[in-house]
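Asks: Just need the structure, nothing else, for what follows:
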Amino acid sequence: MSDVRKLIGEALSEIIDSAAHGGPRVRVGLQANGSEHGPEEIVRAARLAQSQNPNIQVVLIGPRKVENCADLEWIETGECENELEAAMDEAMNSGKVAGVVAMHHPFPMGVTTIGRVFTPAFGRDMIVASTTGTSAINRVEAMIRNTVYGLAVAKALGKANPTVGILNVEGAQMVYKALCKLKDNGYPITFGQSRRADGGSVLRGNDILQGVVDVCVCDTLTGNVLMKMFSSFNTGGSYEALGWGYGPSVGEGWGHVVNIISRASGAPVIANAVAYCGAVAAGKLPEIVAAEIDCAKACGLEKIIADSLPAPASASAEDVKAPPAEPTNEEIHGVDVLAIEDAVRELWKHGIYAESSMGCTGPVVKLNKAKEEEARKILGAVGYL
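Replies: Numbers count the residues shown, from 1 in each chain. Below is the predicted model:
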C-alpha cells in the first residue's frame, strides 16, 4: 500500500510541477565540479538556466561543495572522475535526465559534438559542425559527416530548412563537391551563400562573423578554436561568456545527448548549454540523427565519401614534366588546396603550362587565358572542378 501511495504522490507531484511551469519539464544533468571558476559558478549557472527556462529542471551531478543549495536537485558523487562519469551515464540510462552537460566525457571514435555560437555582426546564432570528438580521421570525410550531423542538430532545434556553408579550410572544395553529389542524389541540402562579392558556399571569416548560414561545416580542431574565439573574444580568453557551448554529442548508433562545455565556460554559457541540451533532447536528437544518416546513405553517402578519399599516389606522378613556360594571365578557382599540385600536373599531361598559386580566396591554377576553356574541361572531367 505504501508503494502505491508513493507512486500516486510522485504522479501528483509531476502534474502539479507541470501545471506550475506551463508543461512538462525537461530534466538536464549538469556536472557539478571541474570549473576553473569554482563550483559556485556552476550553481549560479544552474539557477540561471532554470530562471531563464521554466521548462528546464537542472539536476547537478557531482560532489556537493556549495552551501545553501536546497533549491537545487543533486545527485551526489565522490571526487573520482570515473565515479562522476558513471553517475552521469546511469542518470541518462535510467531516464532520470534527458541529457547531461559535462566538461568531459569519453566519446568513442565516430562521435563528435555540434557547437553553437553567437555571431557578433548581426546577433545571429550559428551551429558549428563540429567542435569536439572525432566523426572520422580523414578531414574531408569528417566534414561530410559533420554536415549530416549539423543538419540533424539544427532540425532538432526546430530549424525546418537550415542553410549550410563550408568554412574555407583544407578540403573545403572537395567537401563542397561531395555535398553537391549528395544533393543531386536526393539528399535535402540548402546551401547558404557568402556575402563576399564572389559569393559561393565556401565561407570566409567575414561570413562566419555575420552568421550567413545556419550550419557552418568545418573540421573538429578548427571548430574548437572557433568556439573559444566566439565565446571569449571580449573577455581576454579566460572566461567564456557568450554562446551555447560545444554542443551535443552525435554519431551513428550513439543514443545519448551529452553537451560539452569548457572548464573556462562561465555561468551564462553553461546556462545556455543546459537550455541547448534540453531543447535537442526534447527534439529527440538521436532519432533525428539516425533518420538523417539513413537518408544520406540512401543517397549514396558512403560511396561519395569513398570517392572523396585520396587515391594511392601514382608511381609515374613525378615523371610528368612541365611544358614550355608561357605567360599566366588567367586564374582558375575552385580546386582544393589538397589537390592543387595534382591539378597542375594533370594540365601538364595535356600540354598546358600551368602553375599553382594562392589567391585571396584560396588556391588557384594560373595559366594562359587562351587555354582556360580547354583546361576547365580537362579539370572538370577528372573531378578537380
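Asks: OK, contacts around the residue most central in space within the chain?
Replies: Nearest to the geometric centre of the chain sits Ala129, at 1.8 Å (Cα atoms, centre = their mean). When contacts are counted by Cβ atoms under 8 Å, 6 or more residues apart in numbering, Ala129 touches 112, 114-115, 146-147, 149-150, 153, 215-218, 223. Backbone N, C-alpha and C define where each C-beta goes, glycine included.
Asks: which one of these is nearest Asn206?
Replies: Closest to Asn206 out of the contacts of Ala129 is Cys216 (12.6 Å), distances taken as Cβ to Cβ.
Asks: Sheet-wise, list the partners of the longest strand seen in the chain with their directions.
Replies: If you go by DSSP state E, the chain has its longest strand at strand 124-133. Note on strand 124-133: by DSSP bridges, its sheet partners are strand 112-119 (antiparallel), strand 215-217 (parallel).
Asks: hey, where'd the helices end up in the stretch 151-300 of the chain?
Replies: 172-184, 205-210, 220-232, 267-282, 285-298 (DSSP state H, counting those that start in this stretch).
Asks: Report the beta-bridge partners for Ala102.
Replies: Assessed by DSSP bridges, Ala102 has beta-bridge partners Ile260.
Asks: so what pLDDT did Gly245 get?
Replies: Here, the pLDDT recorded for Gly245 equals 97.
Asks: Look up how far Tyr149 lies from the closest residue to it other than its chain neighbours.
Replies: The shortest distance from Gly245 to any non-neighbouring residue, by Cβ to Cβ, 6 or more residues apart in numbering, is to Ala273 (3.6 Å). Look at Ala273 and Tyr149: by Cβ to Cβ, to the nearest Å, they are 18 Å apart.
Asks: Between those two, point out the one with more neighbours.
Replies: Tyr149 (32 against 29; other Cβ atoms under 10 Å).
Asks: Report whether the more buried one is found in a strand, as I expect.
Replies: No. Assigned with DSSP: H, G, I helix; E, B strand; the rest coil, Tyr149 falls outside any strand and is helix.
Asks: Nearest spatial neighbour of Glu292, chain-adjacent residues omitted?
Replies: Once flanking residues are discounted, Glu292 sits nearest to Ala152: 4.3 Å by Cβ to Cβ, 6+ apart.
Asks: how is the protein carved up into domains?
Replies: Using automatic domain parsing, the domain ranges for the chain come out as 21-102, 112-250+260-308, 317-381.
Asks: which stretches of this protein aren't confidently modelled?
Replies: Low-confidence segments of the chain (pLDDT under 70): 1-23, 311-318, 337, 358-362.
Asks: how close does the closest residue to Arg116 other than its chain neighbours get to Val153?
Replies: If the residues on either side of it in the chain are set aside, Arg116 comes closest to Trp244, at 3.9 Å by Cβ to Cβ, 6+ apart. According to Cβ to Cβ, Trp244 stands 11 Å off from Val153.
Asks: Then Ala343?
Replies: For Ala343 relative to Val153 (Cβ to Cβ), the value is 34 Å.
Asks: Which of those two has more residues huddled nearby?
Replies: A direct count of neighbours by other Cβ under 10 Å for Ala343 and Val153 places Val153 higher, at 30 against 24.
Asks: thinking again about what came up before, need the winner for burial among the helices of the stretch 151-300 of the chain.
Replies: Ranked by mean neighbour count, those are led by helix 267-282 with a mean of 26 (mean count of other Cβ atoms under 10 Å).
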